[in-house]
Every structure is written in structure tokens, then in C-alpha cells.
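Asks: Pasting a predicted model and its sequence here:
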Amino acid sequence: MLESTIQFILAGLTSGAIYALVGLGFTIIYNASHVINFAQGEFIVIGGMSTVALVAAGLPLPVAIVLATLVTMVVGLALARFAIQPAKDADVVALIIITIGASIFLRGIVQVVFGKDIHSLPHFSGETPLNLMGATLMPQSLWVMGISAALILVMAWFFNATLAGKAMLATAYNALAARLMGVDTKWVLLSAFALSALLGAVGGIVVTPITFVSYESGIMLGLKGFSAAVLGGLGNGIGAVAGGLILGVVEAMSAGYISSAYKDAIAFIIILVVLVARPNGLFGKKGIDRV
Amino acid sequence: MSAFLQRHRGLLILAACIVLLPLAVQNDYHYDVLINAGLNAIVVVGLNLLIGYAGQISLGHAAFFGLGAYASAILTTTYGWHSLAAMGAGMAGVGVLAYVVARPILRLKGHYLAMATLGIGIIISIVLNTEAHITGGPDGMSAAPFSVFGYTFQSEKSWYWLVGGCLLAAVWLSSNLIDSPIGRALRALHGAEVGARVVGIDTTHYKVLIFVISAIFASFAGSLFAHHTPTVTPSILGFIKSVEFVVMAVFGGMASVMGSVVGAVIMTLLPNLLASIEDYEPIILGAIMMGTMIFMPKGLVPTIAKMLRRKEAP
């Protein structure tokens, strides 16, 4: 009983770490531009797929990872420059359509370039399971959790201790005031997309040995990341990370104890309950309307 | 008389198109595509009331379409109901469900509302996919033939006229709704929700009302779809299908009834036209979505109407 509970928690934390990264990506872009980037899931796929292709082309894994991350960041920059910036003043519905369009567009390109097959990567450090109080843990799960934690810490440092990060936070609070203080808000938008693409790509790469990657796998991961961000309260980075971990663990528990067929449904039921009880997320502030 | 023409110009043009189109139709496949376009148009006309007029997004409307389809399929086969009774039961059931979920979720705004409607859509689609002993699971199930007062709709041609008539009725209904006090309240709500509340409009009531109406439109079209299609499968109520409905509404033109019809028809025909380059279809679809929103955010029909008006004026 205890073993299986630990087992589920470990599995949940592994997928939760990825949801947290994707959720954090949503949050960074939302703060910089009030856009919900529905193409966030495609960053995961592009990162994973390009690494697979580069490794297949004979490059060593670390080189492939760096190159694939750069490729994804370029895609993120292009998305911001050619799809989001031209429509900066559009309303919420229009921006939602644009990013959903971008996700379909990118998914189409991935399918044409890499095909429809499901791919995997070798585990980074072997496949000998570790034993943890009776539960087994793949070394790759440690990679996923470790790298996610490291990235989240780097992000926290970037936003709290560097001038560039503070400029991005200032833009999130009040774009006009930030501009008046000399912050280049166009630059902020581009960097937000590049950072989010980086988080998505790295998340996608480390998780590919466990969950595999196909041109379609971004849809669900993107939605789960969005759920994580909403659960924590949109715009709240720590909230998104907590939301992702909570979502991952609850999902793994319900898959284990209730029904694996309803695993995905349960995640969304939780979101609905939270939204109805707390319309601004678990850690969100109450919004005020102006006429 | 001219006032009547003025008011119902769009409706008359649509009626003329529906009557004249069969002249260009050569085979049953063409009819099939047009029938699906008409069914999508009915859903989108309803959805556009919600998105375009009330300014509320729904990323879960395919679930209502799917519930209508499954209600018809299950009730007419497993339980042997009459097809009209099954359709009515589906619409009533979907209406009640939409009412129950609308009250709490329509308090949410913008992205939170998008998330909530998306979640409801996904939950319903997972349930229908999993409860295979009732719904046939991923293999789907078929409905009994559609019959009204002893006449059974079999040929593609008869279906074309049925769907054409229903579409006209849907367009007429929603145009009237928009010109009624409800429509004016909705526009006030879209403009400034707090402002609308201040002048005494019960905004929650109207939002819920329009959500329920649009869900019933979707359920109605879903029922017809179930009788027309060989098998109803869970793919018709997935997230992607919900997105397609929203795209049709937005591409054709938000807050434009005729725009909904045009959007639905173009977006239904497009995959068929692109069938020869199937692999590139998502790329083109995605590019159209982004391009429309960037270059004509009001959608196709309102943008063209504005251009024409500008030309007329000296």
C-alpha cells in the first residue's frame, strides 16, 4: 500500500515537473503580453523531435540537445515576431485563435518534416531502476525532476536578480509605465517567447525517453500546462509550478486508485472545481473590473 | 415591402444560394460535403451568438454537438425511439446540462472561461469514449434512419433540402433574436459588462440564456448529423472539433450571422479542396487562422461588407 502510494507520487512528480515547466512557459508569455500561447505544447514536440533527428544524424546527445533547444527558441522568436506582434491590439478571442492557429501550423510542419511516427531517445544514464522505500524509480525521472528544478531556480533568479528579468516583471505590472521608464517592451515580448520556448524544449527533451514524442503529443501536454498555470492563478510563476506538481500527483493518484481511463478527465474536473470555487486560481489575486 | 427586403436581405440571398446550388452539384459526394457544411453552419450560427454578440468564448461546443449526435444514435437504436423524439430529448438534455454548467462558469472571464469550457468539452468526450457499452467507444455507433411523419430521408438530395431548410430557420431565428431586446442586452454586455449591469441589465441571466441557446443549436445539428453520417465516433466532439467551430465563427465574421454561414461553408469545403495535398492541410489551416486574425480581425464577411460600402460612398 505504502509502496504503491510512493510509486504514484514519484510518477506524478515526474509528469508534474513537465507540467510545471509548460505552465511556467505560459505564465512568462502571459505576463509579457497577456497572451495565452496555445502553441506552448508544440515547443515540447519541436524540442523532442529535433533532438531525435539530430541524434539520428549522428550528433552526440549533448550537442543535439543544445542545437534542438536553439531551434525551438528560434521558432518561439519567429512566432512572437510574425504572429503576435502584428496583432498586438487584438482582443482576447482573436489572440486565442492566433495561437491555436500557430499550434496547428507548427504541428503540420512537424508532421511534414519528421513524419507521423512515434520516436524516443535513449535514457540519459541507463535504465537500471533505483529502489526507493520499496518503490522503483527510473534514473530518467531524476533527470526530469532535477533539470526542471534547476530551470525553475534559474528563472526565479533571472526574474528577481537581473535587470532584464526585472524589466520583464515591470512590463507585466504596467506596460505603459515600464515603457516610460525606458524598458523596450518589444524586446520583452520577444524574450518572453524565447524563454518559454527554452522551457518547453528542455522539458520535451528530458521527458522523451520516458513518454516518447510524436507530432501530436503537444496537444495534451499544452492543455495540461495551461491547466497548471490556471490552477495556480494566471501570471503567478510559483503558482504555475505548484499547480503543475499538484496536477501531476493528483492525476497519478487517480490513475492508480480510481481509473486510468479517467485520468485526464479527473485533471480537468479538478480545474473546474477550483475555478468555480476560486475564479482566479488557487494563488491568484481577485480581479477588479473597469467600465 | 422594401423594408422587409432590407431587413431580410441576408436571409433571401442565402435562400437563393440554397435553391440554386443544386444546379452546380454533380454527384452525391458534393451533396454530402454541402450537407456537412450546412450542419456546421447551424452550430456556428448559434456559437456566434455567444462569441460575437455576448463576447464569451467557448472551446467546448463540439461536446454539445456530440451529445446531440449520441442522444439520437443511442435512443433511436438501443431504445427504438422515434427520431424526432430522440432529437427533442437530446436538445432538452443538452439544454439542461448547459444551464447547470453555465451558471457557475460564466462568472469566469477571458482565459479562465476558455479553460473551463475546454475542460467540460474534454470531460464529456472522455466519458463518451470510455463508456463503450453504451456508446460503442472509439468504434462509434450508427443511428436509425431519420423519418418525419412517415417520410424517411434516404437520398442525399432529400437531406440537402432538409438541412438547407433547417439552416434557413436557424438563421431566421438568430437574426430575430439579435433584433430583440435580448440582442440589445447582449451587445451592451459585450461592450462593457459592468456598464450593462449599472443600467439594470441582468448580465448573468443573458449570458446563461445565450449559452443554453447556442448549446441547443449545436445539439440539434448533432442529431441531424448522427442520422446522416454512417457512424458517430468520439472524434466529432474532441477539442479540435470545438476549435474548428470557433474558427468558422471568427473567420466568417464575429457578430455576423451570414459570416457564420460563410465561415462554416468555406472551412468545411477547404479540407476537401486540399485533399490532394493532405499532408499540408494543417499548415494551410493554421496559416489561414493566423492570417485572418492579423489582417482582418473582424472576419471575412464584415471586412468585405465594409470595403463594398466604402466603394459605394463617393
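Replies: Noted; the coordinates are in hand.
Asks: which residues touch residue 252?
Replies: Went with chain A since none was named. Residue A:252 is in contact with A:8, A:9, A:11, A:12, A:15, counting by CB atoms under 8 Å, 6 or more residues apart in numbering or on different chains. For every residue, glycine as well, the C-beta is placed using N, CA and C.
Asks: The intended chain is chain B.
Replies: Neighbouring residues of residue B:252 by CB under 8 Å, 6+ apart: B:44, B:48, B:258-264, B:266, B:299-301.
Asks: Please report the distance of it from chain A.
Replies: Distance of residue B:252 to chain A, computed by CB to the nearest CB, to the nearest Å: 12 Å.
Asks: Nearest spatial neighbour of that residue, chain-adjacent residues omitted?
Replies: Using CB to CB, 6 or more residues apart in numbering or on different chains and skipping the chain neighbours, the partner closest in space to residue B:252 is residue B:263 (2.2 Å).
Asks: Can you flag which of the contacts of residue B:252 belong to helices?
Replies: Counting by DSSP state H, the contacts of residue B:252 place B:44, B:48, B:258, B:259, B:260, B:261, B:262, B:263, B:264, B:266, B:300, B:301 in helices.
Asks: Now flag whichever of those residues is closest to residue A:110.
Replies: The closest of the ones in helices among the contacts of residue B:252 to residue A:110 turns out to be residue B:266 (CB to CB; 25.6 Å).
Asks: Chain B contacts on the stretch 151-291 of chain A?
Replies: Within the stretch 151-291 of chain A, the residues that sit near chain B (CB under 8 Å from any CB of the partner chain) are A:219, A:223, A:226-227, A:230, A:234, A:261-262, A:264-265, A:268-269, A:271-272, A:275-276, A:279-281, A:287, A:289-291.
Asks: Can you report how many residues neighbour the residue lying closest to residue B:177 once chain neighbours are set aside?
Replies: Distances taken as CB to CB, 6+ apart put residue B:183 closest to residue B:177, at 5.7 Å, once the chain neighbours are dropped. Number of residues near residue B:183 (other CB atoms under 10 Å in any protein chain shown) recorded here: 19.
Asks: Strands of the chain, residue ranges please.
Replies: I went with chain A, as the question did not name one. Under the criterion DSSP state E, chain A contains strands at A:130-132, A:135-137.
Asks: The intended chain is chain B.
Replies: The residue ranges that make up the strands of chain B, judged by DSSP E, are B:146-148, B:151-153.
Asks: which of these is buried the deepest?
Replies: Mean neighbour count (mean count of other CB atoms under 10 Å in any protein chain shown) peaks for strand B:146-148 among the strands of chain B, with a mean of 17.
Asks: partners of that one in the sheet?
Replies: Sheet pairing of strand B:146-148 (DSSP bridges) gives strand B:151-153 (antiparallel).
Asks: Give me the average confidence score over the strand it pairs with.
Replies: Taken as a whole, strand B:151-153 carries a mean pLDDT of 83.
Asks: for stretch A:29-40, same thing?
Replies: Averaged across stretch A:29-40, the pLDDT comes to 88.
Asks: buried stuff in that stretch?
Replies: For stretch A:29-40, a neighbour-count test (16 or more other CB atoms under 10 Å in any protein chain shown) marks A:29, A:30, A:31, A:32, A:33, A:35, A:36, A:37, A:38, A:39, A:40 as buried.
Asks: Ends of that stretch, what's the gap?
Replies: By CA to CA, to the nearest Å, the extent of stretch A:29-40 from end to end equals 10 Å.
Asks: Give me the distance from it to the chain's centre.
Replies: Centroid separation for stretch A:29-40 versus its chain: 11 Å, with CA atoms, centre = their mean, to the nearest Å.
Asks: what does stretch B:162-181 give?
Replies: Computed by CA atoms, centre = their mean, the chain-centroid distance of stretch B:162-181 equals 12 Å.
Asks: just stretch B:150-161 next, same as before
Replies: Here stretch B:150-161 is found 21 Å from its chain centre; the criterion is CA atoms, centre = their mean.
Asks: Who are the packing partners of the top helix by length along chain A?
Replies: Looking across chain A with DSSP H, the single longest helix is helix A:2-33. Judged by 3 or more CB pairs under 8 Å, 6 or more residues apart in numbering or on different chains; DSSP states H and E, the packing partners of helix A:2-33 are helix A:40-56, strand A:135-137, helix A:139-161, helix A:163-173, helix A:185-211, helix A:218-232, helix A:237-257.
Asks: mean pLDDT for the ones you listed: which is lowest?
Replies: Per-stretch mean pLDDT for those is lowest at strand A:135-137 (a mean of 84).
Asks: what distance separates it from the centre of its chain?
Replies: Centroid displacement of strand A:135-137 relative to its chain, using CA atoms, centre = their mean, is 25 Å.
Asks: now do stretch B:24-31
Replies: 23 Å.
Asks: For chain A, what's the nearest residue on the stretch 101-250 of chain B?
Replies: Going by CB to the nearest CB, chain A is nearest to residue B:119 of the stretch 101-250 of chain B, at 3.8 Å.
Asks: Distance of that residue relative to residue B:126?
Replies: Distance from residue B:119 to residue B:126, counting by CB to CB, to the nearest Å: 11 Å.
Asks: go on, residue B:255?
Replies: From residue B:255 across to residue B:126, the span is 33 Å (CB to CB).
Asks: And residue A:200, by the same measure?
Replies: Distance of residue A:200 to residue B:126, given as CB to CB: 25 Å.
Asks: Which one's more surrounded, these two?
Replies: The neighbour count for residue A:200 versus residue B:126, taken as other CB under 10 Å, is higher for residue A:200 (36 against 19).
Asks: In this structure that one contacts residue A:69, no?
Replies: No. The pair residue A:200 / residue A:69 is not scored as a contact, 9.5 Å apart, by CB atoms under 8 Å.
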